[in-house]
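Undergrad: Quick one: sequence and predicted model below, then my questions.
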Amino acid sequence: MTLKKRLWLGLGAAATLVVVLLILNWRRPAPRVAVVPITRENLSSTISSNGKVEPIAPHSIRAEMDTFVTRVLVTEGQAVHRGQLLLELDATAERAALNQARAQLATEEDALRAAQSGGRADQRAKASGDVASADARRDALRQQNAALTKLVAQQAATPAELAENRAALAAAEADAQQAEKALEEYRRQVQLDVSQNGLLVAQLRDNVRDLEEKVNSARAIAPADGTLYSLPVHAGDFVHVGDLLAEMADLHKVRVRAFIDEPELGSLEEGQTVDVTWDALPDRVWAGRTEMVPKEVVPHGTRSVGETLCSVTNDKLDLIPNITVDVSIHLRERTNALVVPRGAVVSDGNHRYVFVVDDNHLRRREIRVGIATPVSYEVVSGLSEGDLVALPGEVQLKDKMKIQAVTQE
């Protein structure tokens with residue numbers, strides 16, 4: 001056989017193989033692809049996260065002295081009323097110190113009143129009397145000196161008598177000046193006593209007031225009506241200044257501090273509807289609203305979050321402070337919206353498209369979407385109710401592909 005014949009036989013065999021392959025491919029059944037119809041639903045876009053329950057207006061009662069708890073008259077979780085005695089502390093030492101401080105205060109207040117009225121009456125009378133006596137003696141000697149001076153000129157008295165008078169007068173004038181200085185010094189001391197005693201009295205009054213507060217704090221009284229949700233002490237416990245004795249609040253309204261991840265903060269607004277659930281009561285849902293949009297991002301474990309405050313109605317007092325709850329914030333809602341499953345939507349940059357089933361073939365179609373949920377998109381344009389769209393699966397979807405449509409319920 002010549003080379004030319006062998007070449008033609010090879011080409012014929014290849015052509016035959018191509019024809020056979022084409023026939024086999026034509027006979028291969030089209031792939032089965034799951035499809036779903038486009039329907040209308042009520043759609044709600046939400047943010048889901050966790051949060052912590054807090055009382056809105058809590059009252060904390062703390063120890064104001066180092067002492068022992070003598071009595072506890074209530075139990076944790078109990079409803080209490082304003083003015084109700086909750087517990088008592090041992091204030092024996094503080095009462096003794098208060099009695100001593102009050103006695104010292106009374107003494108110093110008497111001293112202050114005396115200083116403000118010019119000093120003690122006997123001391124004031126003595127100082128004034130000394131001045132008056134010295135002035136009277138000086139004035140008498142001055143008159144005597146004038147008379148003796150005339151008598152000496154008339155030779156009716158001797159110069160020795162006049163000299164003796166002058167010496168006595170000089171001494172009397174010195175005594176008068178000394179008495180006046182003593183009176184001025186007494187008055188200056190009285191003014192100094194007024195200032196010093198005034199400061200001392202003020203300090204003692206502050207001390208008495210502090211001790212009175214400590215003694216009064218030994219009887220822990222409920223400051224308002226509410227629920228006693230924390231009672232960490234028992235009779236016989238020793239407590240230090242600042243230790244928590246009890247916490248209470250009106251729990252009919254609480255707030256939830258929701259921890260929202262940073263990428264979702266842009267959708268938050270004040271007044272959005274909130275649903276709160278708690279694993280301990282899985283059948284209950286508490287309704288609330290957002291009150292504050294976060295102004296900063298803070299670390300929370302391994303997350304960066306904004307802390308959103310939500311007011312929640314708690315009529316049955318089931319939610320208690322400091323528990324961890326699940327929070328669902330409703331961002332936007334659509335009634336009777338055209339809906340497509342998220343899995344059917346393919347993103348291509350800023351564009352989104354789906355594969356629509358048309359006569360058992362796939363047709364790539366661009367759509368516009370609105371609000372989103374974890375499982376669905378709102379369809380704004382590009383699809384109509386009843387259209388069938390393909391869902392991704394084992395088969396890679398392509399435009400114009402022939403398929404066997406398998407409707408998903």
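TA: Looks like it came in fine. Note that the structure is predicted; figures quoted are calculated from it, not measured.

Undergrad: going forward, measure contacts between C-alpha atoms and count neighbours the same way
TA: Noted.

Undergrad: which element follows the least confident helix or strand in the chain by mean pLDDT toward the C-terminus?
TA: Ranking every helix and strand in the chain by mean pLDDT, DSSP states H and E puts helix 3-27 at the bottom, with a mean of 60. Once the chain leaves helix 3-27, the next helix or strand it forms, by DSSP states H and E, is strand 32-37.

Undergrad: quick check, distance from that following strand to the centre of its chain.
TA: Centroid displacement of strand 32-37 relative to its chain, using CA atoms, centre = their mean, to the nearest Å, is 53 Å.

Undergrad: who's in contact with that strand?
TA: Under the contact criterion CA atoms under 8 Å, 6 or more residues apart in numbering, strand 32-37 has outside partners 357, 385-393, 395, 403-409.

Undergrad: please redo it, this time with the cut-off set to 7 Å
TA: With contacts defined as CA atoms under 7 Å, 6 or more residues apart in numbering, strand 32-37 is touched by 386-391, 403-408.

Undergrad: May I have the strands that pair with it, each with its orientation?
TA: Neighbouring strands of strand 32-37 in its sheet, by DSSP bridges, are strand 388-390 (antiparallel), strand 404-407 (parallel).

Undergrad: Let me know which of these is the nearest to residue 51.
TA: Proximity to residue 51 (CA to CA) singles out strand 388-390 among the strands paired with strand 32-37, at 38.2 Å.

Undergrad: ok, the spatially closest residue to residue 332 that is not a sequence neighbour - contacts?
TA: Nearest non-adjacent residue to residue 332, counting by CA to CA, 6 or more residues apart in numbering: residue 45, 5.2 Å away. By CA under 7 Å, 6+ apart, the contact set of residue 45 is 330-333, 371-373.

Undergrad: likewise residue 148?
TA: 157, 162.

Undergrad: what about it, distance to residue 344?
TA: 137 Å (CA to CA, to the nearest Å).

Undergrad: Please apply the same query to residue 312.
TA: Using CA to CA, we find residue 312 at a distance of 37 Å from residue 344.

Undergrad: Please identify which of these two sits among more neighbours.
TA: Ranked by neighbour count (other CA atoms under 10 Å), residue 312 and residue 344 place residue 312 first, with 23 against 18.

Undergrad: Check whether that one sits in a helix, strand or coil.
TA: Using DSSP: H, G, I helix; E, B strand; the rest coil, the structure places residue 312 in strand.

Undergrad: wait, it sits on residue 255?
TA: Yes: assessed by CA atoms under 7 Å, residue 312 is found in contact with residue 255 at 5.4 Å.

Undergrad: Domain map for this structure?
TA: According to automatic domain parsing, the chain comprises the domains 29-42+335-407, 47-57+250-334, 59-89+218-249, 91-217.

Undergrad: May I see the ones you listed organised as CSV, with mean pLDDT added?
TA: Formatted as CSV, the domains of the chain follow (pLDDT from 0 to 100):
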stretch, mean pLDDT
domain 29-42+335-407, 88
domain 47-57+250-334, 91
domain 59-89+218-249, 95
domain 91-217, 79
